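Enquirer: here is the input, now give the coordinates:
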Amino acid sequence: MDPREAARLLKGVRAAALAGDLPPAAPRPEIAASWRRMLDGGVHPDRDARSRMLSAAETEERRRVSPLREVLPALREGLLPALDHALHIMVVADAEGRLLWREGHASILRKADRLGFAVGAHWDEAVVGTNGVGTALVARRPVQVFSAEHFVSSHHDWTCAGAPVRDPRDGRLLGVVDVSGPLATMHPATLAWVTSVARLAERELRLRHLESLERLRAVAAPLLARLPGRALAVDPHGWTAAVTGLAPVERVPLPKSFGPGRVWVPQLGDCAVEPLPGGWLLRIAREPAAAGATRLVLDVSRPGSWSATVYGAAGSWSQDLSPRHAELLFLLAQSPGGRSAAELSAELFGDPGRTVTVRAEMSRVRRHLAGVLDSRPYRFSRDVEVELVRPRDPAALLPHSTAPSVVRARLGRSGPRGGPGRRAAGVVP
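Expert: Numbers count the residues shown, from 1 in each chain. Predicted coordinates for the structure are as follows:
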């Protein structure tokens, strides 16, 4: 379709969506989802809202700490040679939607300035509406936004395509690379182009990570060769560079509060931790630390902030929980005798047949809670006391969960209402 004709159609689709009428065509699913978020969040469809710009010093500090700084050469090499000809600009934003770098055709940069699409600006979706930066951050996948697909009408003469960039070490979202330009510059291949360059940037980060592990391995290998017992060298993210006395593991989840001294490490147990250039040396105690885990506090009292804290002879450590893992641990805390994969599937999804999903999720959560969770059936270890901390208002229990068992608990049909559980041997309700 001709871009101008497509723009006219999309304006009709947007107008119908705002009025609650039947649109002449359905918006793309990712655009429709974004529009619903804008309507729910109160973003004005015809008012160009802008937040405070970062100062030069604030921008430079964000640039300094951003891992995306390392891949700017790869982004420039992949995008800039074609930008002048295509009348586009390249924008790189951090994970909060703050624009940190911007390069490209001079005339398009001036047009972008008039939109507030400048270095230091905040292009989070909740601030400026549907756009290639903010919507890609929310959707966590590549997004192209053309003309009236932008929720705010002042952006309708603009087209943009943004792709997230993730840290290959831990999957953390680092930011977005976006290519934008006036309406007439739209090309259907732009999104695939930007996505490919974002993947190249992630590959560059991965190569740099492997190089850092090689440097750590060169330092650690001679040390490990002289050590008795079990030990390993890991980088600051827990990726393993070298081991002795145990089977190699790709990565070890490190506790949040991690440093030199005696530390309880999931999967390994009680460890003596020493700093190395670019990482840590972990010497594992002779006795497995799982035997030292005596108590677990499962805290689901604060919506959106759930945690499991393990206590043992060597101290304690905490693990933040995803919504799914919070659901699973809540269900196991309600079931001292344990649950099979089929039973957990029925309690989570109302369908006992989704055991593959349950087993995959339980495998992930057990990586972080080794020595605390058993299988066949899934349950908390019998020698570990479990304390469940609920919200005082039952309706605030895992509020977004649709698991039938959680819904019943929110309605007060199982377990006591509100407050922390009693301390006792075994599982505490």
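Enquirer: ok, which stretches of the stretch 51-200 of the chain are strands?
Expert: Ranges of strands in the stretch 51-200 of the chain, per DSSP state E, counting those that start in this stretch, are 89-94, 99-104, 143-146, 158-166, 173-182.
Enquirer: where does pLDDT dip in the stretch 151-300 of the chain?
Expert: Under the criterion of pLDDT under 70, the regions of the stretch 151-300 of the chain flagged as low confidence span 286-293.
Enquirer: again but with the stretch 301-429 of the chain, I slipped
Expert: Counting by pLDDT under 70, the stretch 301-429 of the chain shows low-confidence ranges at 312-317, 367-368, 370-371, 413-429.
Enquirer: mind running it again at 90?
Expert: The model of the stretch 301-429 of the chain has pLDDT under 90 over residues 302-324, 334-338, 350-376, 380-385, 392-396, 398-403, 405-429.
Enquirer: in it, which spans are helices?
Expert: Per DSSP state H, counting those that start in this stretch, the stretch 301-429 of the chain carries helices over the ranges 323-333, 341-349, 355-368, 404-410.
Enquirer: need the contact partners of the longest one.
Expert: This points to helix 355-368. For helix 355-368, the surrounding residues in contact (C-beta atoms under 8 Å, 6 or more residues apart in numbering) are 253, 266-267, 308, 319, 321, 324-325, 328-329, 341-342, 344-345, 348-349, 373, 375, 378. Where C-beta positions appear, they are placed from N, C-alpha and C, glycine not excepted.
Enquirer: mind running it again at 10 Å?
Expert: Applying C-beta atoms under 10 Å, 6 or more residues apart in numbering, the external contacts of helix 355-368 come out as 249, 251-253, 255, 266-267, 308, 310, 317, 319-322, 324-329, 332, 339-349, 351-352, 372-375, 378.
Enquirer: repeat for the shortest one
Expert: Residues from elsewhere that reach helix 404-410 (C-beta under 10 Å, 6+ apart): 300, 326-327, 330-331, 334-335, 339, 343-344, 346-351, 390-391, 393-401, 403, 413-415, 417.
Enquirer: filter those down to the buried ones, PyMOL style.
Expert: Buried residues within the contacts of helix 404-410, by 16 or more other C-beta atoms under 10 Å, are selected in PyMOL with:
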select buried, resi 300+326+327+330+331+334+335+339+343+344+346+347+348+390+391+394+397+398+401+403+415
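Enquirer: contact partners for Glu202?
Expert: Val71, Ala74, Ala163, Pro164, Val165, Arg166, Asp167, Pro168, Leu174.
Enquirer: oops, could you answer that again for Thr130 instead?
Expert: For Thr130, the contact set (C-beta under 10 Å, 6+ apart) comprises 14, 27, 30-35, 37-38, 43, 138, 143, 145, 148-152, 155.
Enquirer: list only buried entries from those.
Expert: Members of the contacts of Thr130 that pass the buried threshold by neighbour count (16+ other C-beta under 10 Å) are listed as 14, 27, 30-32, 34-35, 37-38, 43, 138, 143, 145, 148-152, 155.
Enquirer: what are the boundaries of the helices in the stretch 101-250 of the chain?
Expert: The residue ranges that make up the helices of the stretch 101-250 of the chain, judged by DSSP H, counting those that start in this stretch, are 106-115, 125-128, 134-139, 190-226.
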